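Novice: The following comprises the amino acid sequence and a computationally predicted model.
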Amino acid sequence: MCTFTFSVNATAEVYRLAWTNTSPVPPVGALASTNVSIDLNSDLGEGVGEDPQALDEALLSVVTSANVACGGHAGDRESMMRVSELATARRVAIGAHISYDDRDGFGRESNGVSMEILKEQLLEQIATLDEIAHAAGSAVTYVKAHGQLYHQACIPGSVEAQTIIDAVREYQDQTDRQLAILGFAGSDLVSRAQAEHIKAVNEAFADRSYTAEGWLVARTEPGALITDPNEALGRLKRLLRDREIVAIDGTPIDVRADSICIHGDTPGAVVLARRVRAAIDSDRVKIAPFATPPRAASPARPGSWPPAC
């Protein structure tokens, strides 16, 4: 049972989360004897790095869930199909990496869009990727917000969080399929989605530093990105064993996560991802997607979205 209190500094992209937790924590060394499963996710199809296709392919050999850029901040039909085909062949779950329509700013600007328009943009992004995933023999099983939309959705009472939830619910109603929402562990988006009976999954980060208050250190701050694999592995082992992460100032923070994110644009991402997976395997923890990809998916109906009025 967790009690959360938030304060937000949106302009600095630093959100502070503090909580007290009364849930039991397994003792050190008990991890291997418990029925633990963890998901590894990464942002793919974004066209980053010197060889984006090689990066995507390498990460897809490690992760169990692929957050696929679906046109908002990055990605096009060609990249979506390429990543979807690779993910399908490797039994990796496909998620729609939804974003503000901001390709020039890589999804880091809202551009003052209304929530009504934002919802339609998100629905279009989800539907486009889902159609392509079906053609590849799979389907979209979850959504994860990107960039500024991800951060805004963590703010208590934010209209962005509700807009994401509303878009997911509407898509579920139109397709008669369930989608999960992947969000920052303990955030308002996760708790509100769960309250509205939508599956929501808590996410933590192997390659980002946390503040003492429990949120991510802004990318503009020193030490925000963790590129040393040994440091990342130590943090991950502590998270899996003790359910806590050590903040940038040394403060232990209670974090309950079902999925671990490794950013594709973090320097040395592939090496880090491989070492993270090997470390988890060595601890005898089951690595599996939180939203199981379908074994076979029927092709999407052409022009099935938006629905006829």
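Specialist: Structure received. Numbering: from 1, shown residues only.

Novice: residue boundaries of the helices in the stretch 201-309 of the chain?
Specialist: Remark: helices assigned in the stretch 201-309 of the chain by DSSP state H, counting those that start in this stretch are 229-242, 269-282.

Novice: Can you pull out the low-pLDDT segments for the stretch 151-300 of the chain?
Specialist: 296-300 (pLDDT under 70).

Novice: Go again with 80.
Specialist: Filtered on pLDDT under 80, the stretch 151-300 of the chain yields the residue ranges 264-267, 282-284, 295-300.

Novice: can you pull out the strands in it?
Specialist: Remark: strands assigned in the stretch 151-300 of the chain by DSSP state E, counting those that start in this stretch are 180-184, 200-205, 244-246, 252-254, 259-261, 286-287.

Novice: Quick check: closest non-adjacent residue to Pro293.
Specialist: Distances taken as Cβ to Cβ, 6 or more residues apart in numbering put Ala93 closest to Pro293, at 4.6 Å, once the chain neighbours are dropped. For the C-beta atoms, the positions are set from N, CA and C on the backbone; glycine is no exception.

Novice: can you check Leu272 too?
Specialist: Per Cβ to Cβ, 6+ apart, closest to Leu272 is Pro229, 5.1 Å.

Novice: neighbours of the one you found, just the number please.
Specialist: Residues lying near Pro229 (other Cβ atoms under 10 Å) number 18.

Novice: cool, and Ala89?
Specialist: The burial count for Ala89: 12, using other Cβ under 10 Å.

Novice: Asp249 too?
Specialist: Count around Asp249 with other Cβ under 10 Å applied: 9.

Novice: measure it to Thr211 for me?
Specialist: Asp249 sits 8 Å away from Thr211, going by Cβ to Cβ, to the nearest Å.

Novice: try Ala58
Specialist: With Cβ to Cβ as the criterion, Ala58 and Thr211 are 31 Å apart.

Novice: who wins for proximity to Gly45 among the helices of the stretch 201-309 of the chain?
Specialist: helix 269-282 (14.1 Å; Cβ to Cβ).

Novice: So which residues of the stretch 51-200 of the chain form helices?
Specialist: 52-60, 77-89, 115-135, 147-152, 159-175, 188-195.
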